[in-house]
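Chemist: Here is a sequence with its predicted model. Questions after.
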Amino acid sequence: MNFDEIARRGLVMLGCGKMGQAMLEGWLAGGLPPGAVWVLDPHPSDWVRAQGLQVNAGLPENPAVAIVAVKPQFMAEALPQLQPLGGGATLIISVAAGTPIAYFETVLGADTRVIRAMPNTPAAVGKGITAIIGNEASGPADADMAEALLSAVGQVVRLSDEDQIDAVTGVSGSGPAYVFYMIDALAAAARAEGLPEDMAMQLAKATVAGAGALAEAASESPEQLRINVTSPNGTTQAGLEVLMAEDGLMPLMRATVGAAAGRSRELKG
(Lines give C-alpha, C1' and ligand atoms only; values in the text may rest on other atoms or scores of the structure.)
Protein backbone atom coordinates (compact mmCIF):
# COMPACT_ATOMS: atom_id res chain seq x y z
CA MET A 1 0.00 0.00 0.00
CA ASN A 2 0.97 3.66 -0.25
CA PHE A 3 2.11 4.80 3.19
CA ASP A 4 2.58 8.47 2.24
CA GLU A 5 -0.21 9.90 4.39
CA ILE A 6 0.63 7.67 7.35
CA ALA A 7 4.33 8.47 7.01
CA ARG A 8 3.48 12.18 7.05
CA ARG A 9 1.00 12.14 9.94
CA GLY A 10 1.97 9.03 11.89
CA LEU A 11 0.44 5.78 13.09
CA VAL A 12 -0.23 4.98 16.74
CA MET A 13 -0.34 1.45 18.14
CA LEU A 14 -2.08 1.10 21.48
CA GLY A 15 -0.71 -2.27 22.53
CA CYS A 16 1.81 -4.23 20.52
CA GLY A 17 1.66 -7.90 21.50
CA LYS A 18 1.82 -10.83 19.09
CA MET A 19 -0.97 -9.61 16.81
CA GLY A 20 0.21 -6.00 16.82
CA GLN A 21 3.78 -7.04 16.15
CA ALA A 22 2.71 -9.30 13.27
CA MET A 23 0.93 -6.37 11.63
CA LEU A 24 3.78 -3.99 12.32
CA GLU A 25 6.32 -6.38 10.78
CA GLY A 26 4.25 -6.45 7.59
CA TRP A 27 3.95 -2.65 7.42
CA LEU A 28 7.63 -2.03 8.05
CA ALA A 29 8.53 -4.61 5.41
CA GLY A 30 6.15 -2.83 3.04
CA GLY A 31 7.88 0.52 3.43
CA LEU A 32 6.32 2.24 6.46
CA PRO A 33 9.08 4.38 8.04
CA PRO A 34 9.76 3.25 11.64
CA GLY A 35 9.93 6.87 12.78
CA ALA A 36 6.29 7.34 11.77
CA VAL A 37 5.08 4.73 14.30
CA TRP A 38 4.23 5.51 17.94
CA VAL A 39 3.82 2.47 20.21
CA LEU A 40 2.08 2.77 23.57
CA ASP A 41 2.67 -0.44 25.51
CA PRO A 42 3.67 -0.91 29.16
CA HIS A 43 5.81 -3.93 28.28
CA PRO A 44 7.16 -3.51 24.74
CA SER A 45 9.13 -6.46 23.39
CA ASP A 46 12.83 -6.32 22.63
CA TRP A 47 11.90 -6.48 18.93
CA VAL A 48 9.71 -3.39 19.24
CA ARG A 49 12.44 -1.50 21.07
CA ALA A 50 14.97 -2.38 18.37
CA GLN A 51 13.00 -1.03 15.36
CA GLY A 52 13.58 2.70 15.77
CA LEU A 53 9.94 3.35 16.67
CA GLN A 54 8.58 6.05 18.99
CA VAL A 55 8.02 3.85 22.06
CA ASN A 56 5.94 5.28 24.93
CA ALA A 57 6.77 8.77 23.73
CA GLY A 58 3.26 10.22 23.98
CA LEU A 59 0.93 10.88 21.06
CA PRO A 60 1.62 12.70 17.80
CA GLU A 61 -0.63 15.69 17.25
CA ASN A 62 -2.76 14.40 14.39
CA PRO A 63 -2.00 10.79 13.44
CA ALA A 64 -3.68 9.27 10.41
CA VAL A 65 -4.50 5.99 12.15
CA ALA A 66 -4.56 4.57 15.67
CA ILE A 67 -4.56 0.79 16.04
CA VAL A 68 -6.08 -0.62 19.23
CA ALA A 69 -4.51 -4.01 19.93
CA VAL A 70 -4.86 -4.49 23.69
CA LYS A 71 -6.43 -7.43 25.51
CA PRO A 72 -10.08 -6.92 26.54
CA GLN A 73 -9.25 -7.00 30.25
CA PHE A 74 -6.95 -3.98 29.83
CA MET A 75 -9.24 -1.97 27.56
CA ALA A 76 -10.87 0.19 30.25
CA GLU A 77 -7.45 1.32 31.47
CA ALA A 78 -5.74 1.66 28.09
CA LEU A 79 -8.30 3.21 25.73
CA PRO A 80 -8.66 6.59 27.51
CA GLN A 81 -5.08 7.31 26.41
CA LEU A 82 -6.53 7.86 22.91
CA GLN A 83 -9.20 10.37 24.00
CA PRO A 84 -7.23 13.30 22.52
CA LEU A 85 -7.65 11.61 19.11
CA GLY A 86 -11.40 11.02 19.38
CA GLY A 87 -13.89 12.84 17.16
CA GLY A 88 -11.18 14.17 14.92
CA ALA A 89 -9.21 13.27 11.84
CA THR A 90 -7.72 10.05 13.23
CA LEU A 91 -9.16 6.72 12.09
CA ILE A 92 -9.41 4.22 14.97
CA ILE A 93 -8.97 0.58 13.96
CA SER A 94 -9.60 -1.97 16.69
CA VAL A 95 -8.33 -5.54 16.53
CA ALA A 96 -9.30 -6.10 20.17
CA ALA A 97 -11.56 -9.10 20.70
CA GLY A 98 -14.94 -8.69 22.32
CA THR A 99 -15.06 -4.87 22.35
CA PRO A 100 -18.01 -3.44 20.39
CA ILE A 101 -17.95 -0.24 18.39
CA ALA A 102 -20.32 1.40 20.88
CA TYR A 103 -17.66 1.17 23.57
CA PHE A 104 -15.19 3.14 21.47
CA GLU A 105 -17.84 5.74 20.73
CA THR A 106 -18.58 6.08 24.45
CA VAL A 107 -14.94 6.56 25.42
CA LEU A 108 -13.71 8.52 22.39
CA GLY A 109 -16.87 10.29 21.21
CA ALA A 110 -19.74 9.40 18.89
CA ASP A 111 -18.14 11.24 15.95
CA THR A 112 -14.99 9.13 16.10
CA ARG A 113 -14.35 7.13 12.95
CA VAL A 114 -14.07 3.52 14.08
CA ILE A 115 -13.37 0.31 12.17
CA ARG A 116 -13.75 -2.86 14.20
CA ALA A 117 -11.70 -5.80 12.95
CA MET A 118 -11.68 -9.49 13.89
CA PRO A 119 -8.39 -11.09 12.83
CA ASN A 120 -7.26 -14.61 13.70
CA THR A 121 -4.00 -16.11 14.92
CA PRO A 122 -2.61 -17.25 11.52
CA ALA A 123 -2.04 -13.53 10.97
CA ALA A 124 1.22 -14.15 12.86
CA VAL A 125 2.54 -15.96 9.76
CA GLY A 126 0.77 -13.75 7.19
CA LYS A 127 -1.99 -16.30 6.63
CA GLY A 128 -4.79 -14.74 8.63
CA ILE A 129 -8.23 -13.61 7.61
CA THR A 130 -9.80 -10.50 9.11
CA ALA A 131 -13.41 -9.34 9.06
CA ILE A 132 -14.06 -5.59 9.31
CA ILE A 133 -17.06 -3.37 9.96
CA GLY A 134 -17.21 0.42 10.41
CA ASN A 135 -19.45 2.73 12.40
CA GLU A 136 -21.67 5.43 10.92
CA ALA A 137 -18.98 8.08 11.29
CA SER A 138 -16.59 6.11 9.09
CA GLY A 139 -16.79 6.03 5.31
CA PRO A 140 -15.67 3.94 2.34
CA ALA A 141 -12.20 5.49 2.37
CA ASP A 142 -11.79 4.42 5.99
CA ALA A 143 -12.75 0.84 5.16
CA ASP A 144 -10.29 0.93 2.27
CA MET A 145 -7.53 2.13 4.60
CA ALA A 146 -8.30 -0.59 7.14
CA GLU A 147 -8.38 -3.28 4.48
CA ALA A 148 -5.07 -2.11 3.02
CA LEU A 149 -3.39 -2.17 6.43
CA LEU A 150 -4.85 -5.49 7.55
CA SER A 151 -3.99 -7.13 4.24
CA ALA A 152 -0.41 -7.13 5.54
CA VAL A 153 -1.32 -10.21 7.61
CA GLY A 154 -3.70 -12.02 5.25
CA GLN A 155 -7.09 -11.73 3.61
CA VAL A 156 -9.82 -9.24 4.55
CA VAL A 157 -13.61 -9.54 4.28
CA ARG A 158 -16.16 -6.80 4.91
CA LEU A 159 -19.24 -7.37 7.05
CA SER A 160 -22.57 -5.66 6.54
CA ASP A 161 -23.56 -5.67 10.22
CA GLU A 162 -21.60 -5.73 13.48
CA ASP A 163 -23.71 -8.63 14.78
CA GLN A 164 -22.02 -10.83 12.19
CA ILE A 165 -18.86 -10.58 14.31
CA ASP A 166 -20.26 -13.37 16.52
CA ALA A 167 -20.43 -15.79 13.59
CA VAL A 168 -16.96 -14.72 12.46
CA THR A 169 -15.70 -15.41 15.98
CA GLY A 170 -17.16 -18.91 15.87
CA VAL A 171 -15.70 -19.72 12.45
CA SER A 172 -12.39 -17.95 11.83
CA GLY A 173 -11.64 -16.44 15.24
CA SER A 174 -11.93 -19.70 17.17
CA GLY A 175 -11.52 -21.92 14.11
CA PRO A 176 -7.71 -22.29 14.26
CA ALA A 177 -8.11 -24.01 17.65
CA TYR A 178 -10.50 -26.53 16.09
CA VAL A 179 -7.98 -27.26 13.35
CA PHE A 180 -5.13 -27.61 15.86
CA TYR A 181 -7.24 -30.12 17.78
CA MET A 182 -7.98 -31.98 14.56
CA ILE A 183 -4.23 -32.21 13.91
CA ASP A 184 -3.75 -33.73 17.36
CA ALA A 185 -6.60 -36.17 16.74
CA LEU A 186 -5.26 -37.17 13.33
CA ALA A 187 -1.78 -37.75 14.80
CA ALA A 188 -3.25 -39.81 17.64
CA ALA A 189 -5.11 -41.96 15.11
CA ALA A 190 -1.88 -42.44 13.16
CA ARG A 191 -0.09 -43.57 16.33
CA ALA A 192 -2.91 -45.99 17.05
CA GLU A 193 -2.29 -47.52 13.60
CA GLY A 194 1.35 -48.13 14.49
CA LEU A 195 3.25 -45.06 13.25
CA PRO A 196 5.97 -43.52 15.46
CA GLU A 197 4.98 -40.35 17.35
CA ASP A 198 7.16 -37.85 15.46
CA MET A 199 6.19 -39.23 12.08
CA ALA A 200 2.49 -39.28 13.01
CA MET A 201 2.58 -35.59 13.95
CA GLN A 202 4.59 -34.65 10.85
CA LEU A 203 2.09 -36.42 8.61
CA ALA A 204 -0.89 -34.84 10.38
CA LYS A 205 0.50 -31.29 10.24
CA ALA A 206 1.59 -31.53 6.60
CA THR A 207 -1.69 -33.13 5.52
CA VAL A 208 -3.86 -30.43 7.08
CA ALA A 209 -1.59 -27.59 5.90
CA GLY A 210 -1.33 -29.02 2.39
CA ALA A 211 -5.05 -29.69 2.05
CA GLY A 212 -5.81 -26.15 3.23
CA ALA A 213 -3.38 -24.64 0.75
CA LEU A 214 -4.84 -26.73 -2.07
CA ALA A 215 -8.41 -25.79 -1.13
CA GLU A 216 -7.49 -22.11 -1.15
CA ALA A 217 -5.58 -22.25 -4.43
CA ALA A 218 -7.85 -24.54 -6.44
CA SER A 219 -10.65 -23.28 -8.67
CA GLU A 220 -12.76 -26.30 -7.69
CA SER A 221 -14.90 -26.34 -4.56
CA PRO A 222 -13.83 -28.29 -1.47
CA GLU A 223 -16.65 -30.72 -2.27
CA GLN A 224 -15.21 -31.39 -5.73
CA LEU A 225 -11.69 -31.75 -4.34
CA ARG A 226 -13.05 -34.36 -1.94
CA ILE A 227 -14.73 -36.20 -4.79
CA ASN A 228 -11.52 -36.08 -6.82
CA VAL A 229 -9.57 -37.95 -4.16
CA THR A 230 -12.31 -40.47 -3.33
CA SER A 231 -12.13 -43.68 -5.36
CA PRO A 232 -15.30 -45.82 -5.27
CA ASN A 233 -15.05 -48.43 -2.51
CA GLY A 234 -11.50 -47.25 -1.74
CA THR A 235 -9.74 -46.26 1.43
CA THR A 236 -10.85 -42.63 1.39
CA GLN A 237 -14.48 -43.61 0.95
CA ALA A 238 -14.19 -45.97 3.92
CA GLY A 239 -12.94 -43.12 6.11
CA LEU A 240 -15.46 -40.61 4.79
CA GLU A 241 -18.35 -42.95 5.56
CA VAL A 242 -17.49 -42.43 9.23
CA LEU A 243 -17.09 -38.64 8.95
CA MET A 244 -20.19 -38.21 6.79
CA ALA A 245 -22.50 -40.35 8.91
CA GLU A 246 -25.67 -38.77 10.25
CA ASP A 247 -23.93 -38.07 13.57
CA GLY A 248 -20.55 -37.36 11.96
CA LEU A 249 -18.50 -34.25 11.32
CA MET A 250 -21.16 -31.96 9.79
CA PRO A 251 -23.47 -31.76 12.82
CA LEU A 252 -20.48 -31.73 15.15
CA MET A 253 -18.99 -28.69 13.42
CA ARG A 254 -22.37 -26.98 13.38
CA ALA A 255 -22.63 -27.48 17.15
CA THR A 256 -19.02 -26.36 17.67
CA VAL A 257 -19.35 -23.11 15.73
CA GLY A 258 -22.78 -22.50 17.24
CA ALA A 259 -21.39 -22.86 20.77
CA ALA A 260 -18.56 -20.42 20.10
CA ALA A 261 -20.83 -17.88 18.40
CA GLY A 262 -23.35 -18.22 21.22
CA ARG A 263 -20.69 -17.59 23.82
CA SER A 264 -19.58 -14.51 21.87
CA ARG A 265 -23.13 -13.17 22.09
CA GLU A 266 -23.30 -13.91 25.82
CA LEU A 267 -20.06 -12.05 26.50
CA LYS A 268 -21.52 -8.88 24.99
CA GLY A 269 -24.23 -8.89 27.63
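Modeler: Received it, and whenever you're ready, just let me know what you need. Numbering: from 1, shown residues only.

Chemist: tell me the secondary structure for Ile93?
Modeler: Here Ile93 is recorded as strand under DSSP: H, G, I helix; E, B strand; the rest coil.

Chemist: In space, what's closest to it - neighbours in sequence excluded?
Modeler: Excluding the flanking residues, the one nearest Ile93 by CB to CB, 6 or more residues apart in numbering is Ile115, at 4.7 Å. To be clear about C-beta, it is placed using only N, CA and C from the backbone, and glycine gets the same treatment.

Chemist: Same question for Ile6.
Modeler: Ala64 (4.7 Å).

Chemist: For that neighbour, what are phi and psi?
Modeler: When read as degrees, to the nearest 10, the backbone of Ala64 gives phi -70, psi -40.

Chemist: Repeat that for Ala131.
Modeler: phi -100, psi 140.

Chemist: Who are the contact partners of it?
Modeler: Ala131 sits next to Ala117, Met118, Val156, Val157, Arg158, Leu159, Gln164, Ile165, Val168, Ser172 when contact means CB atoms under 8 Å, 6 or more residues apart in numbering.

Chemist: Among the residues you listed, which are located in helices?
Modeler: Counting by DSSP state H, these place Gln164, Ile165, Val168 in helices.

Chemist: can you list those in JSON lines and add distance to Trp47, pLDDT and neighbour count?
Modeler: Shown next, in JSON lines, are these (distance: CB to CB, whole Å; pLDDT from 0 to 100; neighbours: other CB atoms under 10 Å):
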{"residue": "Gln164", "distance to Trp47": "34", "pLDDT": "97", "neighbour count": "15"}
{"residue": "Ile165", "distance to Trp47": "30", "pLDDT": "95", "neighbour count": "25"}
{"residue": "Val168", "distance to Trp47": "29", "pLDDT": "96", "neighbour count": "24"}
